[in-house]
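Engineer: predicted model follows, preceded by the sequence.
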Amino acid sequence: MLPPGLKAGANVRPVGEDIAEGHAALPAGRRLRPQDIALIAAFGLTRVEVRRRLRVAVFSTGNEVVSPGAPRAAAQLFDSNRFMLTALLKRLGCEVSDLGILRDDRASLAAALKDASIRHDLILTSGGVSTGEEDHVKAAVESVGTLVLWRMAIKPGRPVAMGVIGGTPFIGLPGNPVASFV
């Protein structure tokens with residue numbers, strides 16, 4: 001006998017009401033939210049297979065670039081690309097390592113790129129990929145890895161480099177902030 005005011009079937013959740021049989025409860029590639037964790041628990045699961053976030057190394061390059069807040073000589077400019085790229089990557093759910101500013105030295109660039117390839121899924125740099133005397137990123141990549149693409153027919157953004165270092169993809173973006181953003 002039901003208490004007064006209740007109808008038969010009220011406050012009952014039939015099996016399959018929320019998710020029809022044969023349909024996915026959570027789509028692949030979804031970033032788990034608190035409600036997704038609750039759904040997993042409601043299924044009685046204590047473990048699910050997930051993938052870790054992509055680890056991305058971000059560098060700026062150039063002797064003319066300094067970090068905001070650091071002393072700046074007349075011929076220098078404050079680095080904005082590293083912060084913009086980091087924010088964009090974090091918005092995509094990546095785990096970002098801000099590895100600072102690499103100076104215009106081919107050997108140290110190559111060493112830093114090779115080291116970053118060991119701990120990251122992607123290396124992303126800005127600056128140093130054009131044809132100037134102090135643009136050493138292209139040569140540094142070629143010395144420790146393989147350059148797959150250099151320069152694209154787009155404006156802004158023509159000096160773009162893509163390659164592989166120790167099995168890790170590399171993308172070298174232009175130093176111009178608008179071109180780097182594009």
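Structural biologist: Yep, it's here. Numbering: from 1, shown residues only.

Engineer: would you agree Ala25 falls within a helix?
Structural biologist: No. Using DSSP: H, G, I helix; E, B strand; the rest coil, the assignment for Ala25 is coil, not a helix.

Engineer: name the helices or strands packed onto whatever helix or strand Val96 lives in?
Structural biologist: Element membership of Val96, judged by DSSP states H and E, is strand 95-102. The contact analysis (3 or more Cβ pairs under 8 Å, 6 or more residues apart in numbering; DSSP states H and E) places strand 95-102 against strand 55-61, helix 81-91, helix 106-119. For the C-beta atoms, the positions are set from N, CA and C on the backbone; glycine is no exception.

Engineer: ok, now with 6 Å
Structural biologist: For strand 95-102, the packing partners by 3 or more Cβ pairs under 6 Å, 6 or more residues apart in numbering; DSSP states H and E come out as strand 55-61, helix 81-91.

Engineer: how about that strand, which residues are buried there?
Structural biologist: Residues of strand 95-102 classed as buried: 96-97, 99, 101-102 (neighbour count, 16 or more other Cβ atoms under 10 Å).

Engineer: highest average neighbour count across the helices and strands packed on strand 95-102?
Structural biologist: Between the helices and strands packed on strand 95-102, strand 55-61 has the highest mean count of neighbours, a mean of 24, where neighbours are mean count of other Cβ atoms under 10 Å.

Engineer: what sits up against stretch 68-81?
Structural biologist: The set of residues external to stretch 68-81 that reach it, using Cβ atoms under 6 Å, 6 or more residues apart in numbering, is 60, 64-67, 126, 177, 180.

Engineer: any of the residues you listed buried? List them.
Structural biologist: Here the buried ones among the contacts of stretch 68-81, as counted with 16+ other Cβ under 10 Å, turn out to be 60, 64-66, 126, 177, 180.

Engineer: let me have the buried residues of strand 95-102 in JSON lines, extended by distance to Phe170 and pLDDT.
Structural biologist: As requested, those are exported to JSON lines (distance: Cβ to Cβ, whole Å; pLDDT from 0 to 100):
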{"residue": "Val96", "distance to Phe170": "15", "pLDDT": "97"}
{"residue": "Ser97", "distance to Phe170": "14", "pLDDT": "97"}
{"residue": "Leu99", "distance to Phe170": "13", "pLDDT": "94"}
{"residue": "Ile101", "distance to Phe170": "17", "pLDDT": "94"}
{"residue": "Leu102", "distance to Phe170": "13", "pLDDT": "91"}
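
Engineer: just give me the closest of the residues you listed to Asp18.
Structural biologist: For the buried residues of strand 95-102, the minimum distance to Asp18 (Cβ to Cβ) is 35.9 Å, reached by Val96.

Engineer: show me what contacts that closest one?
Structural biologist: Taking Cβ under 6 Å, 6+ apart, we find Val96 in contact with 56, 58, 86, 89-90.
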